[in-house]
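Colleague: I'd like to go over a predicted model; first the sequence, then the structure.
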2 protein chains.
Amino acid sequence: MGVFENEETVALPIHEVFALSCRVLTGAGLSTAHAEAVARALTAGERDECASHGLYRLPGCVMTMRSGKMSLDAEPVIEDVSPALVRADAGHAYSLLAFERAAPLLVEKAKAVGVAALVINNCFHFSALWPEIEHLTGMGVAALAMTPSHSWVAPAGGKRGLLGTNPIAFGWPRPGAQPYVFDFATSAVARGDMSLHDIAGKPIPEGWGVDAEGRPTTSARAALDGAMLTFGGHKGSALSTMIELMAGPLIGDLTSRESMAFDDGTKAAPMHGELILAFDPAIMGGGDPAANAARAEALFSAFADQGARLPSERRYAARARSLERGVRTPKVLYDQILALGL
Amino acid sequence: MGVFENEETVALPIHEVFALSCRVLTGAGLSTAHAEAVARALTAGERDECASHGLYRLPGCVMTMRSGKMSLDAEPVIEDVSPALVRADAGHAYSLLAFERAAPLLVEKAKAVGVAALVINNCFHFSALWPEIEHLTGMGVAALAMTPSHSWVAPAGGKRGLLGTNPIAFGWPRPGAQPYVFDFATSAVARGDMSLHDIAGKPIPEGWGVDAEGRPTTSARAALDGAMLTFGGHKGSALSTMIELMAGPLIGDLTSRESMAFDDGTKAAPMHGELILAFDPAIMGGGDPAANAARAEALFSAFADQGARLPSERRYAARARSLERGVRTPKVLYDQILALGL
């Protein structure tokens, strides 16, 4: 993130990031199955130097667990709804275990009929979507995931929070190479990045948010108290609204505003639904899977030919470094995590 | 579009827009079934005051028909691939008839299993996606459509055309109200808008394109000769790349660059594929469809409450005007259409 550049850090090998996360989460009462699923996501974030989705999230995870609204041990209930639809009721626990448990059936369906959907309902959600996308591309399917959040973002032409930061992520499997994966918030910036700027006392660029009166602001605090803006003007706003509808009413779950009302000021992670679509290139592509894969590779090569990077390249480079050398976590965060009570 | 504001216009009732389009298209050799499907799309565009997808397209349609690459009468071949997948081979004819013929089976599948895909292959494509989306929302499903085009758009961090203008459109059915529909190019602006600025000799805003050397430009001509840019920086570029992959290699069809190579300088409409996903709110939503529909309506109401417009409101207002009073088409365009030879 750059905001901790001048701070003291603690070196941790990757396996210790996972072990530390598990200790803190189970110590705070989370079941082992849920703790390991959450720890896998936090470790992936820390490993890929996505600071706002790494250990930074651990205190918030524990706070969410203590909100009184969350199940710490619900077993996901997986329903085989149709040849193209899997539903996973997370039972007001974290989303990640439900995803892991339902993913094999999602992929099985996609590989049988071409396209399939996984609906996760009633889940607390804090994680980046790319670990789930990579999980699916690793099983040979293309995947698209989206989720609402809390109503922090004003629609184009509006001035009050209504939409969530509503991330969308997509992945394309590449035999013999890291998958093509993007994961972005449809807000101009992720809420986590805004919070990091607030914590660090750094100004935010114009276009990230408006204050409580709807005026443009460069204060992260004022924007956190007012409303964030979407990326890309009315197009980003439309895309965010689509996510609100597809991962909300379409799947029988809460909109970002309803999720925020459910939270009722406890500032826990949002509780809502998630929609994940999986596509089998062999069935969707018809005739010649190898030729179609080669078409995609030619596209990726053409990025490199003109000096453009693919979305995940920075993350994969960080991953390679972290797997070799471990990660460096801000000491202030590390101490805060230890103080959560092991 | 505003660029014809000071020009002489011709008044046409809506039915004459359709009849004129049919006469021109069949006169140029298109089969009646294809001509009517194309004319329905052109009429919808003219009616909704989407000038760049109305009669303005007719001369280009005829030019494409004369390119020698297009079938003027191919009957779409519809394949029932799986419980969730329909494939329509357009046989190198226009896409619209294939869509119309395959849409009932797509919706039937979505209503049976929750989510279904329509893949259209080998189609010439020039039309906006929202008429197809409205067609599907009118049948009670939510829908998402995307297509590549020609490689006019540079990826983020790049300087040469590689991605298409790659439109994406989404619709949500609203009982008793016009559907929520958006349709936008992932380029900063539609190629048609760029062409209209070029024709009118108007400068383009910064951010729309770069010249042949990769430098920012406000000349529509220079950007048409160079590369367009995506909306929303790296996020828009990622979304455009997703469309390139999903409506290209995933469905066994051409990328925008391959489509442009196929065109080989004839400047016909792009020939490639199209992907349309349909979602049944009743199955996807589980329990209570009315409650889920009400959730969506509450979201839309909240737009209005803060003075924000929904994406299609301007188009629906134009439609109401046009249905009552007819449309006004620039005389220079009308004369050009008549000169196509009836």
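Modeller: Happy to help now that I have it. The shown structure was predicted, so the numbers you read here are calculated from the model rather than taken from an experiment.
Colleague: Where does the prediction get shaky in chain A?
Modeller: Within chain A, the stretches with pLDDT under 70 are A:1-6, A:342.
Colleague: at 80 what do you get?
Modeller: A:1-6, A:51, A:190-192, A:214, A:341-342 (pLDDT under 80).
Colleague: what ranges do the strands span in it?
Modeller: A:9-12, A:77-82, A:85-94, A:115-124, A:142-146, A:153-154, A:167-172, A:180-185, A:209-210, A:227-229, A:271-279, A:327-330 (DSSP state E).
Colleague: Need these in TSV (columns: distance to chain B and mean neighbour count).
Modeller: For every residue, glycine as well, the C-beta is placed using N, CA and C. Shown next, in TSV, are these (distance: least, CB to the nearest CB, whole Å; neighbours: other CB atoms under 10 Å in any protein chain shown):
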stretch	distance to chain B	mean neighbour count
strand A:9-12	28	16
strand A:77-82	4	16
strand A:85-94	4	24
strand A:115-124	5	27
strand A:142-146	6	25
strand A:153-154	7	27
strand A:167-172	5	26
strand A:180-185	4	24
strand A:209-210	11	24
strand A:227-229	9	25
strand A:271-279	6	27
strand A:327-330	24	21
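Colleague: give me the residue from the stretch 201-342 of chain A nearest chain B.
Modeller: Among all residues of the stretch 201-342 of chain A, A:Gly232 sits closest to chain B, at 3.0 Å; criterion: CB to the nearest CB.
Colleague: Could you list which residues are in contact with that residue?
Modeller: Listed by CB atoms under 8 Å, 6 or more residues apart in numbering or on different chains, the contact set of A:Gly232 reads A:239, B:231-233, B:235-236.
Colleague: For the lengthiest helix in chain A, list every residue counted as buried.
Modeller: The longest helix of chain A (DSSP state H) is helix A:95-113. Neighbour-count burial for helix A:95-113, counted by 16 or more other CB atoms under 10 Å in any protein chain shown, picks out A:95-103, A:105-107, A:109-111, A:113.
Colleague: so who does the most centrally placed residue in chain A touch?
Modeller: The residue lying closest to the centre of chain A (CA atoms, centre = their mean) is A:Ala128, at 1.8 Å. The contact partners of A:Ala128, by CB under 8 Å, 6+ apart, come to A:41, A:44-45, A:50, A:53, A:167, A:169, A:183.
Colleague: check contacts around A:Lys331.
Modeller: Contact analysis of A:Lys331 by CB under 8 Å, 6+ apart lists A:7-10.
Colleague: Quick check: it vs A:Ser322, distance?
Modeller: Applying CB to CB, to the nearest Å, the value for A:Lys331 to A:Ser322 is 18 Å.
Colleague: for A:Ala112, same thing?
Modeller: 37 Å.
Colleague: One more: A:Gly341?
Modeller: 27 Å.
Colleague: okay, these two: which has more neighbours?
Modeller: Higher neighbour count among A:Gly341 and A:Ser322: A:Ser322, with 21 against 9, using other CB atoms under 10 Å in any protein chain shown.
Colleague: out of everything not next to it in sequence, what's closest to the more buried one?
Modeller: Leaving aside its chain neighbours, A:Ser322 sits nearest to A:Arg47 (4.4 Å; criterion: CB to CB, 6 or more residues apart in numbering or on different chains).
Colleague: re the thing from before, how about the contacts of A:Ala128, which pair is most distant?
Modeller: For the contacts of A:Ala128, the maximum inter-member distance is 15.2 Å, found between A:Ala44 and A:Pro167 (CB to CB).
Colleague: Setting the sequence-adjacent residues aside, check what's closest to A:Lys267.
Modeller: Distances taken as CB to CB, 6+ apart put A:Met63 closest to A:Lys267, at 7.2 Å, once the chain neighbours are dropped.
Colleague: ok, that neighbour - how many residues close by?
Modeller: 15.
Colleague: Surely it and A:Asp263 touch.
Modeller: No. Under the criterion of CB atoms under 8 Å, A:Met63 makes no contact with A:Asp263, lying 11.6 Å away.
Colleague: before we move on, back to that, wait, does the longest helix of chain A contact chain B?
Modeller: Yes. Applying CB under 8 Å from any CB of the partner chain, one finds helix A:95-113 touching chain B at A:112-113.
Colleague: Contact partners for A:Leu129?
Modeller: With the criterion set at CB under 8 Å, 6+ apart, A:Leu129 makes contact with A:145-147, A:167-169, A:183.
Colleague: measure it to A:Leu162 for me?
Modeller: From A:Leu129 across to A:Leu162, the span is 21 Å (CB to CB).
Colleague: Kindly report the same for A:Asp198.
Modeller: The value you get for A:Asp198 to A:Leu162, if CB to CB is used, is 21 Å.
Colleague: which one of the two has more residues nearby?
Modeller: A:Leu162 (26 against 17).
Colleague: any idea how far that one lies from A:Ala261?
Modeller: Distance of A:Leu162 to A:Ala261, given as CB to CB: 12 Å.
Colleague: How about A:Leu136?
Modeller: Taken as CB to CB, the span from A:Leu136 to A:Ala261 is 32 Å.
Colleague: Can you show me the helices along chain A?
Modeller: Using DSSP H, helices in chain A cover A:14-27, A:32-47, A:58-65, A:95-113, A:130-137, A:191-200, A:220-225, A:233-246, A:256-263, A:281-285, A:289-305, A:313-325, A:331-338.
Colleague: list the contacts for A:Ser187?
Modeller: A:Ser187 sits next to A:152-153, A:163-166, A:228-231, A:240 when contact means CB under 8 Å, 6+ apart.
Colleague: which one of those residues sits closest to A:Leu299?
Modeller: A:Leu299 lies nearest to A:Phe231 out of the contacts of A:Ser187, by CB to CB, at 23.0 Å.
Colleague: and the closest one, how many neighbours does it have?
Modeller: The tally of other residues near A:Phe231 (other CB under 10 Å) stands at 24.
Colleague: I'd say it and A:Ala190 touch.
Modeller: No. Counting by CB under 8 Å, A:Phe231 stays clear of A:Ala190, with 10.6 Å between them.
Colleague: Residues that sit against both of these two, list them.
Modeller: By CB under 8 Å, 6+ apart, no residue touches both A:Phe231 and A:Ala190.
Colleague: nearest residue to the spatially most distant residue from the centre of chain A other than its sequence neighbours?
Modeller: Outermost residue of chain A with respect to the C-alpha centroid, by CA atoms, centre = their mean, is A:Gly287; its distance is 34.2 Å. Distances taken as CB to CB, 6+ apart place B:Gly252 nearest to A:Gly287, at 5.8 Å, with adjacent residues excluded.
Colleague: That neighbour contacts A:Gly286, doesn't it?
Modeller: Yes. Counting by CB under 8 Å, B:Gly252 does reach A:Gly286; the two are 4.3 Å apart.
Colleague: More neighbours: which of the two?
Modeller: Taking neighbours as other CB under 10 Å, B:Gly252 and A:Gly286 compare with B:Gly252 leading, 23 against 19.
Colleague: wait, what's in contact with that one?
Modeller: When contacts are counted by CB under 8 Å, 6+ apart, B:Gly252 touches A:284-288, A:292, B:119, B:121, B:273.
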